[in-house]
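A.B. asks: Just to be clear, the model below is a prediction. Sequence and coordinates:
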Amino acid sequence: MNQMHRREFVKRVGLSAAALPFLMGLPSLGLAAPARPRQRLIIMFSPNGTIPGAYWPDETGSDFKLKEIMSPLEGFKDKMLVLNGVCNKVRGDGDNHMRGMSCLLTGIELFPGNVMGGGGAPAGWASGISIDQEIKNYFQSKEETKTRFGSLEFGVGVTDRADPWTRMSYAGPNQPVAPISDPYQMYHKLYGQLKDKESLQSVLDDVQSDLKKIRKMISAEDRQMLEQHETLVRQMEKDLKEGEKKKLVAPAPTLDTGVSASQNDEVPHLSRMQVDLLINSFVNDMARVATLQYTKSVGQARMNWLDIKDGHHGLSHEPDNNEDAKKKLTKINQWFAGELNYLLTRLAETPEPGSTGSMLDNTMVIWTNELGKGNSHTLDNIPFVMAGGGFGFQMGRSLKLDKVPHNRLHLALAHAVGHRIETFGKKELCSAGPLDLS
């Protein structure tokens, strides 16, 4: 349905324009009817490396066991692809945290710059586009896969400070893309340019009334999706009221990382809000590519909700014989796996608009990190866990690869959506072609 028809529909039924984004993904209204299942990509990031012994499965193939860190993902094991042996082989300017973060999705060197890294290694921004933006541009170049935003960049507890440690998405050379960490700001972006929370509250009131009105016109399957929309609206309304009391994203005393103390302690709540907004944006086909970035490289978040008072980055530097630090880091990374489980669960329980199955069947989710191991700062064996479907990969496996450049994984992602580029990032690291995951 074109824009004129959409406006006519809204006028004829007596809906507010604010409701339209919530209704675009309901197939029985005929406002959007994809010719074939949509392919979607989500890249989730958590920082400071992992604990290899508590992370990587010992077995390869389909008969593998998840260790402690990935235990929250047990229910999705048959839809997972664990890739051990993927390495960031990009070298040049900057320290490993900087290159680990800003070369993670770009696969190419950082420009020379004056941002001083560890050990006196300065650098600037990445010198190329990131794979999420490359795939976004490919989708946006075709009418059948073009969406309103193309991609959405979600943050959770990411500092306002901009440097190579805080950015993994790049629109092009020297063009970092900032994630949005305030869910209210993301809500404004998705559902209207609103001046303040009072105007947002007014829109929410209108939308709730409109969603009740449309219930009679849709199928039983669409009602399930509509109920999820209504839940989101009710939750946003509740969060608005509670946020005023807690001053959730208001200015507050800052930690040494630049993250407000309130944001640090509210990370679990902010995480769920951001995931719910991400799911809703995908249901309504506002974008088919998203990133979900938790804090940043060298991030010193204090996981008080896990009863861990140490800064994350400081803990990651402790030696291997510090069993207390390893236990805490395992718990931290297990929490991130739990957030990934929530994201996968939300995708799995949401019907694919206009088709059969769930949204997870057509969405590839990748959980990654800037380092393989925190205290060694290694760029070998970067954590890459994939989950979902729709890309033609053979899931339900654990693979041990022979130190393959991560550029080859990015090539495989591009080819899986039909974007048959020959190289991505640093050309010399692409000579063996895309990684074969079929």
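C.D. replies: Cool, got the structure.
A.B. asks: Please tell me how far V90 sits from S127.
C.D. replies: According to C-beta to C-beta, to the nearest Å, V90 stands 10 Å off from S127. For every residue, glycine as well, the C-beta is placed using N, CA and C.
A.B. asks: Which neighbours do the two have in common?
C.D. replies: Jointly contacting V90 and S127 under the rule C-beta atoms under 8 Å, 6 or more residues apart in numbering are I108, E109.
A.B. asks: quick one, which of these two is more surrounded?
C.D. replies: V90 (25 against 22; other C-beta atoms under 10 Å).
A.B. asks: you'd agree the more buried one is in a strand?
C.D. replies: No: assessed with DSSP: H, G, I helix; E, B strand; the rest coil, V90 is coil; it does not lie in a strand.
A.B. asks: So for it, what's the pLDDT?
C.D. replies: At V90, the model reports a pLDDT of 97.
A.B. asks: for L194, same thing?
C.D. replies: pLDDT recorded at L194 is 40.
A.B. asks: ditto for the one 4 residues further on
C.D. replies: According to the prediction, E198 has pLDDT 53.
A.B. asks: Then T254?
C.D. replies: In this model, T254 is scored at 33, pLDDT.
A.B. asks: Helix, strand, or coil at G128?
C.D. replies: Reduced to three states by three-state DSSP, G128 is coil.
A.B. asks: my guess is it contacts G425, does it?
C.D. replies: Yes: G128 lies in contact with G425 (C-beta atoms under 8 Å); the separation is 5.8 Å.
A.B. asks: what touches both of the two?
C.D. replies: Shared contacts of G128 and G425, defined by C-beta under 8 Å, 6+ apart, are found at T106, G107, I108.
A.B. asks: Which one (most neighbours) among the residues you listed?
C.D. replies: T106 (32 neighbours).
A.B. asks: Can you classify that one by secondary structure?
C.D. replies: With three-state DSSP as the basis, T106 sits in coil.
A.B. asks: Likewise for G85?
C.D. replies: Assignment for G85 (three-state DSSP): strand.
A.B. asks: Who are the contact partners of it?
C.D. replies: N381, L399, K400, L401, D402, K403, V404.
A.B. asks: How about it, nearest residue that isn't a chain neighbour?
C.D. replies: Using C-beta to C-beta, 6 or more residues apart in numbering and skipping residues adjacent in sequence, the residue nearest G85 is L401, 3.2 Å away.
A.B. asks: Tell me which other helices or strands the helix or strand hosting that neighbour touches.
C.D. replies: Per DSSP states H and E, L401 falls inside strand 397-405. On a contact count with 3 or more C-beta pairs under 8 Å, 6 or more residues apart in numbering; DSSP states H and E, strand 397-405 meets strand 80-87.
A.B. asks: and the strand it packs on with strand 397-405, angle?
C.D. replies: Strand 80-87 runs at 20 degrees relative to strand 397-405, counting by axes from the mean of the first three to the mean of the last three C-alpha atoms, to 10 degrees.
A.B. asks: Need the CA coordinates for strand 80-87. CSV is fine.
C.D. replies: Taking Å, rounded to 0.1, in the frame of the first residue of the first chain, the C-alpha atoms of strand 80-87 are listed here in CSV:
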residue,chain,number,x,y,z
MET,A,80,23.0,-21.6,17.4
LEU,A,81,26.3,-21.5,15.5
VAL,A,82,29.4,-21.2,17.8
LEU,A,83,32.4,-20.0,15.9
ASN,A,84,35.7,-20.6,17.7
GLY,A,85,38.8,-19.5,15.8
VAL,A,86,37.6,-16.3,14.2
CYS,A,87,40.3,-13.6,14.5
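A.B. asks: Compute the number of surrounding residues for the residue lying closest to N375 once chain neighbours are set aside.
C.D. replies: Among residues not flanking N375 along the chain, H317 sits closest, at 5.2 Å (C-beta to C-beta, 6+ apart). Other residues near H317 come to 15 when the count uses other C-beta under 10 Å.
A.B. asks: so how far is P52 from H317?
C.D. replies: H317 sits 16 Å away from P52, going by C-beta to C-beta.
A.B. asks: just C87 next, same as before
C.D. replies: Per C-beta to C-beta, C87 is found 14 Å from P52.
A.B. asks: Now do the strands in the chain.
C.D. replies: All strands of the chain, identified by DSSP state E, fall at 40-45, 80-87, 115-117, 121-123, 150-156, 169-170, 176-177, 287-294, 363-368, 384-388, 397-405.
A.B. asks: Quick one: list the elements packing against the first one.
C.D. replies: By that I understand strand 40-45. helix 131-140, strand 287-294, helix 323-348, strand 363-368.
A.B. asks: packing partners for the third one?
C.D. replies: Under the contact definition 3+ C-beta pairs under 8 Å, 6+ apart, helix 323-348 sits against strand 40-45, helix 267-283, strand 287-294, helix 312-316, strand 363-368, strand 384-388.
A.B. asks: shaky segments in the chain?
C.D. replies: Residues of the chain meeting the criterion pLDDT under 70: 1-36, 192-208, 211, 225, 228-230, 232-263.
A.B. asks: any idea how it splits into domains?
C.D. replies: Split into domains by automatic domain parsing, the chain comes to 1-33+197-247, 39-182+249-430.
A.B. asks: Could you dump these into TSV with distance to H188 added?
C.D. replies: Formatted as TSV, the domains of the chain follow (distance: least, C-beta to C-beta, whole Å):
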stretch	distance to H188
domain 1-33+197-247	7
domain 39-182+249-430	9
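A.B. asks: Check the offset of stretch 47-60 from the chain's centre.
C.D. replies: The chain centroid and the centroid of stretch 47-60 are separated by 20 Å under C-alpha atoms, centre = their mean, to the nearest Å.
A.B. asks: quick one on the thing from earlier: export the strands of the chain as CSV, with columns for distance to D132.
C.D. replies: Shown next, in CSV, are the strands of the chain (distance: least, C-beta to C-beta, whole Å):
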stretch, distance to D132
strand 40-45, 6
strand 80-87, 17
strand 115-117, 22
strand 121-123, 21
strand 150-156, 6
strand 169-170, 6
strand 176-177, 9
strand 287-294, 5
strand 363-368, 10
strand 384-388, 14
strand 397-405, 18
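A.B. asks: roughly how far apart are E221 and N362?
C.D. replies: For E221 relative to N362 (C-beta to C-beta), the value is 16 Å.
A.B. asks: ok, now W305?
C.D. replies: Distance from W305 to N362, by C-beta to C-beta: 33 Å.
A.B. asks: more crowded one of these two?
C.D. replies: Taking neighbours as other C-beta under 10 Å, W305 and N362 compare with N362 leading, 23 against 13.
A.B. asks: right, and the more buried one touches G354 too?
C.D. replies: No: look at N362 against G354 with C-beta under 8 Å: they stay out of range, at 11.0 Å.
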